[in-house]
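Undergrad: structure, please.
(chains A and B)
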Amino acid sequence: KAGVTQTPRYLIKTRGQQVTLSCSPISGHRSVSWYQQTPGQGLQFLFEYFSETQRNKGNFPGRFSGRQFSNSRSEMNVSTLELGDSALYLCASSLGTGPQHFGDGTRLSIL
Amino acid sequence: GENVEQHPSTLSVQEGDSAVIKCTYSDSASNYFPWYKQELGKGPQLIIDIRSNVGEKKDQRIAVTLNKTAKHFSLHITETQPEDSAVYFCAASINSGAGSYQLTFGKGTKLSVIP
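TA: Next comes the predicted model:
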């Protein structure tokens, strides 16, 4: 069974730009969660989607948004990028209330 | 909101010895506690989890214990091997009521197993 796939693996952007990250969950999983990982703040929850609806949201500004498609694939968008947005963005999928399984992340660097 | 404290931040053990990582959580409503292992360049990998209705769970060399009264849980790795070297994260989750688990993570423990 294929795991969680995140694309791209690496991304370099400049301040003020916007970026879209993609996540394909494990087949059959309907829940997709996004996390930001930085050396200073660790792993922080961004939001969770289930059946195309945002079910939970963390404490991040409105520049961070997401969506989920009917095939459970999810995208995360960050607008007006800031230097502090440099991080590893991780996606995790689950059946709904079960264990979350992570992808290998997208490393976003802001210049 | 939930707060998870994890100790120690670094841990070095000799190959074959045991390693113990401890976490405490703040919200008594938390009812699911997974542990993840993260290797360099990889995402966190679920290694074991425990729910609040269970006090202990074991899977080969790995075990997790939970003390709901004290609000702490621990990861125990026995007979450590060099491939156990990684960063380990504990997490706690609050069931939002809509059925989802929002994970709150500890800051991580970097485990080094010395051959």
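
Undergrad: just the strands in the chain please.
TA: In the absence of a named chain, chain A is used. Defined through DSSP state E, the strands belonging to chain A, from first to last, are A:5-7, A:10-13, A:19-24, A:31-38, A:42-50, A:53-57, A:64-68, A:74-78, A:87-94, A:101-102, A:106-110.

Undergrad: wait, chain B was what I had in mind.
TA: For chain B, strands defined by DSSP E occupy the ranges B:4-7, B:10-14, B:19-25, B:32-38, B:45-51, B:56-59, B:62-67, B:72-77, B:86-95, B:101-105, B:109-114.

Undergrad: which stretch among the ones you listed comes nearest A:Thr20?
TA: Across those, A:Thr20 has its closest neighbour in strand B:101-105 (23.1 Å, CB to CB). For the C-beta atoms, the positions are set from N, CA and C on the backbone; glycine is no exception.

Undergrad: give me the mean pLDDT for that closest one.
TA: Over the span of strand B:101-105, the pLDDT mean works out to 89.

Undergrad: strand partners (parallel or antiparallel) of that strand?
TA: As defined by DSSP bridges, the strand partners of strand B:101-105 come to strand B:86-95 (antiparallel).

Undergrad: circling back to that earlier point, least confident of the strands of chain A, on average?
TA: Least confidently modelled of those is strand A:53-57, at a mean of 90 by mean pLDDT.

Undergrad: in its sheet, what does it sit against?
TA: Using DSSP bridges, the strands paired with strand A:53-57 are strand A:42-50 (antiparallel).

Undergrad: who's in contact with the partner strand?
TA: Strand A:42-50 is contacted by residues A:30-38, A:54-60, A:64, A:66-68, A:74, A:76, A:89-90, A:96, B:44, B:89, B:91, B:98-100, B:102-108 when judged by CB atoms under 8 Å, 6 or more residues apart in numbering or on different chains.
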